[in-house]
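Chemist: Provided below for reference: sequence and predicted model.
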Amino acid sequence: MDVFDAINKRATYRGPYKSESIPQEDLKKIVQAAIEAPSGCNAQSTTFIIVDDAKVMRELSAIMPKGGMDTAPAAIVVIASTEPAYDDVSFYKEDYSAAVQNIYLAATAMGYATCWLDGVLRRDDINKKISSLLNIPDSLLTCVLLPIGIPEKEPVHKEKKKFAERACYNKYSL
Ligand SMILES: Cc1cc2nc3c(=O)[nH]c(=O)nc-3n(C[C@H](O)[C@H](O)[C@H](O)COP(=O)(O)O)c2cc1C
């Protein structure tokens, strides 16, 4: 699939998923796409846990049952180091966001679906509960959980505002 086809097909999908497991080489390919993402000062502040063990998936889903986690056969956990890349500046949010977008595009191109669970992890210390379950050190921040699998239903690409509402040429005219 061409990159523009993946961009235009990409959609947040909140389940249900088919029960088929995902081959480990496919999960590795998707996470390698995330590793190839840009990062501020090339600090590569983002790390990943691939979860494909059914027991760990059940434990994760008990903490965060939303967004398709209850049926997904696998998930990717995106972790950030918030250490400064230079002076006192950390680009961890930008770094992990670029990585997550690559996960979305790679998953779409390979026929999988996923959901960027992020805001919801910030409530009730859910990200800390995930960190504890997965032995993530206190020095790192659990930022995003992405359930992943073959969608039971066709994901629907959301219509975005028209080009002229969001972009202009040379000087601001929106
Ligand atoms: C920073 C960020 C945080 C998000 N957090 C959540 C979340 O906690 N739960 C959820 O279901 N979707 C979450 N999403 C997905 C958005 O809801 C989704 O991208 C948006 O509705 C647009 O849909 P689309 O991705 O299909 O274009 C998040 C997306 C971003 C970029």
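Modeler: The structure has been received and is ready for your questions. Keep in mind it's a predicted model, so treat the numbers as computed, not measured.

Chemist: max-length helix in the chain?
Modeler: With DSSP state H setting the assignment, residue counts place helix 92-109 as the longest helix in the chain.

Chemist: close to the ligand, is the helix or strand just after that helix?
Modeler: Next helix or strand after helix 92-109 toward the C-terminus (DSSP states H and E): strand 113-114. No. Judged by Cβ under 6 Å from any ligand atom, strand 113-114 stays clear of the ligand, getting no closer than 9.6 Å. C-beta coordinates here come from the backbone N, C-alpha and C atoms, glycine included.

Chemist: got a list of contacts for strand 113-114?
Modeler: Residues from elsewhere that reach strand 113-114 (Cβ atoms under 8 Å, 6 or more residues apart in numbering): 11-13, 17, 68, 76, 103-104, 107, 146-151, 155.

Chemist: what comes up buried for the longest helix of the chain?
Modeler: Using 16 or more other Cβ atoms under 10 Å as the test for burial, helix 92-109 gives 92, 95-109.

Chemist: stretch 118-129 now?
Modeler: If you call a residue buried by 16+ other Cβ under 10 Å, then stretch 118-129 has these buried ones: Asp118, Leu121, Ile126, Asn127, Lys129.

Chemist: which residues sit against stretch 89-97?
Modeler: With Cβ under 8 Å, 6+ apart, stretch 89-97 has contacts from 37-41, 43-46, 78, 80-85, 141, 143-144.

Chemist: nothing else from me, thank you.
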